[in-house]
Each structure stands twice: as C-alpha cells, then as structure tokens.
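Enquirer: Sequence isn't available, so here's the structure alone:
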C-alpha cells in the first residue's frame, strides 16, 4: 500500500515569526511608488519589534524615509523536500533610530537608516509535494 505524502500549511505565532526574521539576513520590501509597485531585496536586522535596513542617499529606497505603507517578506523553501516557511510583515516606514544597526552585502555609502514599524505580522510553515514533472527535472 502506497502512503500519500503529508502536506500542511500551519500558522506561526508572532514569537516564531520574529525568531525567523531575526535569523534571516535578506528580505523583500514592497510598496506602491509613483511609477507602480516596487519589490526590492534588502539586507536587514530586527530590533525591538522593528525591521531596520540601510541604503544610500538618493536611492529609490531612500524615499521610504517618508512614512510609507509597506509589506516585507522573508521566506525559505527547501527545493528538495518542498518544506519551508514564510513570514509577511506589514507596517509603515520611518527614519531608523541612529543606534539601529543593519548589514549590507553591497559596498558603498549606506548611511540612510529606515525602520519598518510592524503593525501586522503573519507566518506559515508549508509542506508540499512535487509533481512528477518537477521530480524529473
């Protein structure tokens, strides 16, 4: 008898979401700008319920110093097992506290600190199964 693979889609509580955010280094920030929806990967850190990243002056990301509604997503999905997690934060941007630190994989002048003050946080653990087509690739 062949057993069907178990799949699931389970919610994470806020503490689990913050732990996953604290452990990751790259997320995607999304917002509606004058030219449409923008989604940009950033290096970041978390600090006391806030997500912080730095960018260079004059960049598209630097416009987020002005209060802007944003979404921020981090996820990790294992390609082989089709198991992973995703965390989505929503909130508004503001200038980061001068003491707030972040990381950057990009060289250059990253002196503009931006904080996302999180108002909504949701996460899921996901498990799927690969179709036969995906298994053969």
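Expert: Perfect, thanks for sending it. These numbers were taken from a predicted model, which means no experiment stands behind them.
Enquirer: When you work out contacts or count neighbours from here on, use the C-alpha atoms and nothing else.
Expert: OK.
Enquirer: Buried residues in the helix ranked longest in the chain, which are they?
Expert: For the chain, the helix with the greatest residue count under DSSP state H is helix 14-23. Across helix 14-23, burial judged by 16 or more other Cα atoms under 10 Å covers 17, 18, 20, 21.
Enquirer: Next: stretch 106-114.
Expert: 110, 112, 113, 114.
Enquirer: Look up phi and psi at residue 60.
Expert: For residue 60, the backbone dihedrals (degrees, to the nearest 10) come out as phi -60, psi -40.
Enquirer: Show the pLDDT at it.
Expert: We have a pLDDT of 95 for residue 60.
Enquirer: what's next to stretch 90-99, contact-wise?
Expert: 52, 64-72, 112-121 (Cα atoms under 8 Å, 6 or more residues apart in numbering).
Enquirer: Could you tell me which ranges of this protein sit under the pLDDT cut-off?
Expert: Residue ranges of the chain with pLDDT under 70: 1-8, 103, 105, 130-137.
Enquirer: can you do 50?
Expert: For the chain, the stretches with pLDDT under 50 are 134.
Enquirer: which residue ranges form the strands in it?
Expert: 8-12, 26-33, 36-43, 45-47, 50-55, 69-78, 83-95, 112-127 (DSSP state E).
Enquirer: Sheet partners, orientation included, of the first one?
Expert: To tie it back to what came earlier, the one meant is strand 8-12. In the sheet, strand 8-12 lines up against strand 112-127 (antiparallel) (DSSP bridges).
Enquirer: Buried by neighbour count: which residues of the partner strand qualify?
Expert: Under 16+ other Cα under 10 Å, the buried positions of strand 112-127 are 112-118, 121-127.
Enquirer: can you give me the angle it makes with strand 69-78?
Expert: 50 degrees (axes from the mean of the first three to the mean of the last three Cα atoms, to 10 degrees).
Enquirer: Tell me how far strand 112-127 lies from the chain's centre.
Expert: 6 Å (Cα atoms, centre = their mean, to the nearest Å).
Enquirer: Tell me what angle that strand forms with strand 83-95.
Expert: Using the same axes, to 10 degrees: strand 112-127 against strand 83-95 is 160 degrees.
Enquirer: Take the buried residues of strand 112-127 and write them to TSV, including distance to residue 11.
Expert: TSV is the format used below for the buried residues of strand 112-127 (distance: Cα to Cα, whole Å):
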residue	distance to residue 11
112	34
113	31
114	28
115	25
116	22
117	22
118	18
121	11
122	8
123	6
124	4
125	6
126	9
127	12
